[in-house]
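In: Let's see this in three dimensions:
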Amino acid sequence: MRTGCAVRRRVLVAARRADVDSVTAARRVAAHLTDVDVVVGGEDHGALAEGESPDAALVCDDVSVAERLAARQVPVVFLCSSVVDPDTWPSTVAIRCRHRPAWLPSLWDGVTGVGTMAPVRPRLARERAGTLAVFSLAGCSAAEARHYASEVLRPVVDIWRRRWPGEFVVVGDQHLDAVNEALGDVLVDGPGDGLGDGLGDGLGDGLDGTRVRSVEEVDVDDAHAKASWFLATPTLTAATLAWARRTPLVLLPPATARQQKLVDALVPPWRTPVPVTAEDLARAPTPDAVAVTTDSAALASDDLRGAPRVARQVRQITFAPV
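Out: A predicted model of the protein is given here:
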């Protein structure tokens, strides 16, 4: 007769903290790792005590963390969420893969992807309210971020809040101070500021909606499920949310060359998505009039199971290291 209980394996999940796509991809995979103890780390993987090592690790985009863990003989799955060039991927890890939806075959030629990494809960909340705005300024210099925040984000948010009042939550990754400075009075003084019982429920206690929130503290997938409208810079996070949940997406102008590359790649399946400007919003009768729709037959081949696929790879190296 066996006594006692088995010791649960520990998996370190680390992401590039200041990148919407990296943080979201890590969360989506971690949600499927229910048979291990997930330890959430960052660039310094400081979630573990000194001298401790996990049984395995999932590292999203951070090459240096992946290499350091591999040097300590920790089996690593390295997941690229579009940030890192394949030539710079770590060569010492057990498994390397990329978040590439099946409907974006032209984005990274010659790179095998895992398919769309969809949110773990595909359904929208029964009751939804407000607008979720998600921006990524990863890869922007400080000057570029200030320019984008003041010349692109501020006019769009200002017009949006005047035309369609209600809860408005802004979530971003890098250069939050610059965006807070550009949007501060718009968020505070705009109509409907603050979070009520709808969109703000999943964002934690004390978030009043008058400041830009970090993607590290806000679960974008959960917030999107509770929002009536979705406004975002071009990222895989935004594209996969819109496709997985069949919801409209109002695209902001790209902030970087990488985002422009994604917009170009979306042309075949999404029938020429056009990023909006403040002038577009001023003329639009409703947000739907300027939103991208995702009902193209070109998207039907994607099974939305990229996150479970990566989770299986993590389990493989956890319980049967290669």
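In: Let me see the contact set for V276.
Out: V156, V250, L251, L252, P253, A284, V290 (Cβ atoms under 8 Å, 6 or more residues apart in numbering). Any C-beta I mention is one placed from the backbone N, CA and C, and that applies to glycine too.
In: I'd say W243 and T116 touch.
Out: Yes. Under the criterion of Cβ atoms under 8 Å, W243 makes contact with T116 at 6.6 Å.
In: shared neighbours, these two?
Out: What both W243 and T116 touch, as defined by Cβ under 8 Å, 6+ apart, is the set P101, W103, D302, L304.
In: out of the contacts of V276, what pair is the most spread apart?
Out: Within the contacts of V276, P253 and A284 form the most distant pair, 15.5 Å apart (Cβ to Cβ).
In: Just checking, which of the contacts of V276 comes out lowest on pLDDT?
Out: Within the set of the contacts of V276, pLDDT is lowest for V290 (89).
In: Quickly note the distance from that one to L231.
Out: 10 Å (Cβ to Cβ, to the nearest Å).
In: Likewise for W270?
Out: 16 Å.
In: neighbour-wise, which of the two wins?
Out: L231 (26 against 22; other Cβ atoms under 10 Å).
In: looking at it, the more buried one is touching I159, isn't it?
Out: No. Assessed by Cβ under 8 Å, L231 is found out of contact with I159, at 11.2 Å.
In: Quick check: neighbours shared by these two?
Out: Contacts common to L231 and I159, judged by Cβ under 8 Å, 6+ apart, are absent.
In: hmm, back to that, now list whatever residues contact both of V290 and L231.
Out: V250.
In: And L124, how close does it get to R245?
Out: 6 Å.
In: Pull up the overlap in contacts between these two.
Out: Joint contacts of L124 and R245 (Cβ under 8 Å, 6+ apart) are A225.
In: So between these two, which is more surrounded?
Out: Shown here are L124 and R245; by other Cβ under 10 Å, R245 has more neighbours (19 against 15).
In: Quick check: the gap between that one and R121.
Out: For R245 relative to R121 (Cβ to Cβ), the value is 9 Å.
In: Kindly report the same for R17.
Out: 23 Å.
In: Also R162?
Out: R162 is 33 Å from R121, by Cβ to Cβ.
In: Same question for S150.
Out: 36 Å.
In: Then S22?
Out: Taking Cβ to Cβ, one finds S22 at 20 Å from R121.
In: P268 now?
Out: Distance from P268 to R121, by Cβ to Cβ: 29 Å.
In: same deal with V314?
Out: 20 Å.
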